[in-house]
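Visitor: what follows is a predicted protein model with its sequence.
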Amino acid sequence: MTQIPFLSIVAPCHNEEEGLREFCRRAAAAAHSVAGDAFELILVDDGSSDRTWEIISSLAADVPQVLGIRLLRNHGHQLASTAGLSASRGERVLLIDADLQDPPELLLMMIPIMERGADVVYGQRTRRQGETWFKLASASLFYRALSKLASVTIPRDTGDFRLMRRRVVDILLAMPERDRFIRGMVSWIGGRQVALPYERDARFAGTTKYPLRKMINFALDAITSFSTTPLRISTWLGMMSAGVAIALLIYTFVRWLEGETVTGWSSIMAAVSAFSAIQLICIGIIGEYLGRLVQESKKRPMFMVETIVRGNEHAELSIAFSEMSASDRRTALDAAFASGEPRSQRSSRIG
């Protein structure tokens, strides 16, 4: 554990039992091509309900470079990725999903680009195989809306699949927010970031872990994390509504002076409904931002680790692992396996 690897590969996993072994085989082969044995493959079990952790433990026993992390519950893709990045020690860090939609073999093209001076090499999708027209249309709409609203330039048609230098990862981990949008946070860091166009494959096995509800929540996290434009829109809607209301009052007063009254309740109900809808939309937008402020103010741990495994050894990490500095995390990982005691002799330190 004391030797710093050249490359770390971080892969969050949630119910990936069907394709996990194939992912590990291909990722390890790609890493060996560029780093020899000087790499680590970090697999993060994000509260899976299938045999994912059992397979990760088996892979850790068979492949010396595999480090398995099991979270105490499902934290979501972004926090599971953060947990894996927190445990990484490599000078180059590849963040990739375990579903094999992003080919690990692209690492062989990313490394030379980084050696020419890039701080980040991110995959940019030119084609997405195996996805429905609704997913493609909604993703296209989301990225284009985000590019208009965000305060930083976030490349279109990109995911979290990217190779980063150690300094970029350390800056990313130093950001304290809980509602994380990693691709936007990396863009905010800046430096020289280079796109690598590629065709995204269909899932090797299993089904998507991002249903419509999670996609909507993810989009809200992205927009509220990198843009205050919705708040500005709500302000303009309020001002427009006030202007329309004043115009209606003037119109009503003039008609009253002329001795004519506006008959019927339908026009009144339509106006009341329209203004009420605008008010509720504005309150909802403000509520989204206030809700995130409340969550941030609680300062709860970003993620909780149940156990980690390397080889045949299992260990627990302090619940404060997510709040440590980068150097302290590496020290804590080294210490977790330093005693060499078998699992049955270790005392639980969860919580």
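Guide: Happy to help now that I have it. Numbering: from 1, shown residues only.
Visitor: local confidence estimate at L290?
Guide: At L290, the model reports a pLDDT of 79.
Visitor: can you count the residues close to it?
Guide: Close neighbours of L290, defined as other CB atoms under 10 Å, add up to 11. Backbone N, C-alpha and C define where each C-beta goes, glycine included.
Visitor: where does it fall, secondary structure wise?
Guide: Counting by DSSP states H and E, the element that carries L290 is helix 266-298.
Visitor: summarise which helices and strands that helix is packed against.
Guide: Helix 266-298 sits against helix 212-226, helix 229-257, with contacts defined as 3 or more CB pairs under 8 Å, 6 or more residues apart in numbering; DSSP states H and E.
Visitor: so after that helix, what's the next helix or strand?
Guide: strand 305-310.
Visitor: from A27, how far off is S33?
Guide: In this view, S33 and A27 are 11 Å apart by CB to CB, to the nearest Å.
Visitor: next: W188.
Guide: In terms of CB to CB, W188 sits 27 Å off from A27.
Visitor: how about I182?
Guide: 19 Å.
Visitor: neighbour-wise, which of the two wins?
Guide: A27 (25 against 19).
Visitor: now the strand or helix carrying the more buried one: mean pLDDT?
Guide: Secondary structure from DSSP H and E places A27 in helix 20-35. The average pLDDT for helix 20-35 rounds to 95.
Visitor: any chance you could list what contacts that helix?
Guide: 5-7, 9, 11, 13, 16, 39, 41, 43, 52, 55-56, 59, 63, 65-66, 96, 98-100, 103-105, 107-108, 111, 204-205 (CB atoms under 8 Å, 6 or more residues apart in numbering).
Visitor: likewise for stretch 101-120?
Guide: 9, 23, 26-27, 29-31, 33-34, 92, 94, 96, 121, 123, 130, 159, 161-165, 167-168, 186, 189, 191-194, 196, 198, 200-204.
Visitor: quick one: end-to-end length of that stretch, please.
Guide: For stretch 101-120, the separation between the terminal residues is 20 Å (CA to CA, to the nearest Å).
Visitor: now that stretch, how far from the centre of its chain.
Guide: 20 Å (CA atoms, centre = their mean, to the nearest Å).
Visitor: tell me the buried residues in it?
Guide: Residues 101-104, 106-107, 110-111, 113-114, 118-120 are the ones in stretch 101-120 that count as buried (16 or more other CB atoms under 10 Å).
Visitor: among those residues, which lie within helices?
Guide: L107, M110, I111, I113, M114 (DSSP state H).
Visitor: including distance to F321 and pLDDT, could the residues you listed go into CSV?
Guide: Formatted as CSV, these follow (distance: CB to CB, whole Å; pLDDT from 0 to 100):
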residue, distance to F321, pLDDT
L107, 27, 96
M110, 28, 97
I111, 29, 96
I113, 32, 97
M114, 28, 96
